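*Asks:* Task: produce atomic coordinates for the following.
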Amino acid sequence: LCTLDVITHMCLAFLSDSLQDDQYDSLFAASSQPSSLHLVNCTYLPEDLWQYTSLLQLTLSGCSSLTSVPDGIGQLTMLEQLEIRECSQLAIISESVSQLSSLTRLELIHCSNLQELPGGIGHLRRLQELKFEGCSSLASVPDTISQLEGLQLLHIQGCSSLVALPASVGHLSKLQTLRL
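*Replies:* Numbers count the residues shown, from 1 in each chain. Down below sits the predicted model:
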C-alpha cells in the first residue's frame, strides 16, 4: 500500500479505490517531508501535496482519472524533476508550472489528452531536458520555448497532432540533442 524506502523517499502505489479519500489525505498529513515522491494510480492529487516544499522529484504515473495539474504545483519551487506518465485524461497543466524555478527536467509521457503546454513554460530558465512522448493530442508548443536558455535536450516523439515546432526553437543556443 505505501512503502517508505528511506525517510526521504516515498512511493504510494495503490489501486484508485484502495484508500478512501480521507485516508489518503491523512497519510499525506502524517508523513515526513520526502525529497522524492512517486504517486501511482491516484484518482486526485491531495491538497497536502503542495506543502512538501522541499520536494525535488515528483512522478505521477497511471493517474488515468487526473484531468489537470492544479495551481498548487507552483508552490513546489525546489522541484527539479517533474514526470507525468500514463495520465490519459490529463488535459491541463496549470500556468503556475512556470513558477518551478529549480526545474531541470520535465517529462510528459503518454498523456494522450494533453492539447497544449502553458505559455509560461519559457520562464523555466534552468530546464535542461524537455520530453514529450505519446502525447497524441498535443497540437502546439508555445513560442516561449525559445526562452529556455539552458535547454540541452528536446525530445518529441509520437505526438501525432503536432505538425510543426515554432521557428524560435532555432534560438536554443545550448540545445545539444533534438529528437523528433
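*Asks:* How about residues contacting stretch 109-116?
*Replies:* Residues lying outside stretch 109-116 but in contact with it, judged by C-beta atoms under 8 Å, 6 or more residues apart in numbering, are 67, 83-91, 93, 108, 131-140, 142, 161. All C-beta atoms are positioned from the backbone trio N, CA, C, and that covers glycine.
*Asks:* contacting residues for the residue lying closest to Ser101 once chain neighbours are set aside?
*Replies:* Excluding its sequence neighbours, the residue lying closest to Ser101 (C-beta to C-beta, 6 or more residues apart in numbering) is Thr77, at 5.9 Å. Neighbour list for Thr77: Thr53, Gln99, Leu100, Ser101, Ser102 [criterion: C-beta under 8 Å, 6+ apart].
*Asks:* By neighbours, which of those wins?
*Replies:* Across the contacts of Thr77, neighbour numbers were computed from other C-beta atoms under 10 Å; Leu100 holds the maximum, 24 neighbours.
*Asks:* Drop anything exposed from the contacts of stretch 109-116.
*Replies:* Neighbour-count burial (16 or more other C-beta atoms under 10 Å) is assigned, among those, to 83-88, 90-91, 93, 108, 131-138, 142.
*Asks:* Which pLDDT value belongs to the residue lying closest to Gly120 once chain neighbours are set aside?
*Replies:* Spatial nearest neighbour of Gly120, excluding adjacent residues (C-beta to C-beta, 6+ apart): Ser98 at 3.0 Å. In this model, Ser98 is scored at 95, pLDDT.
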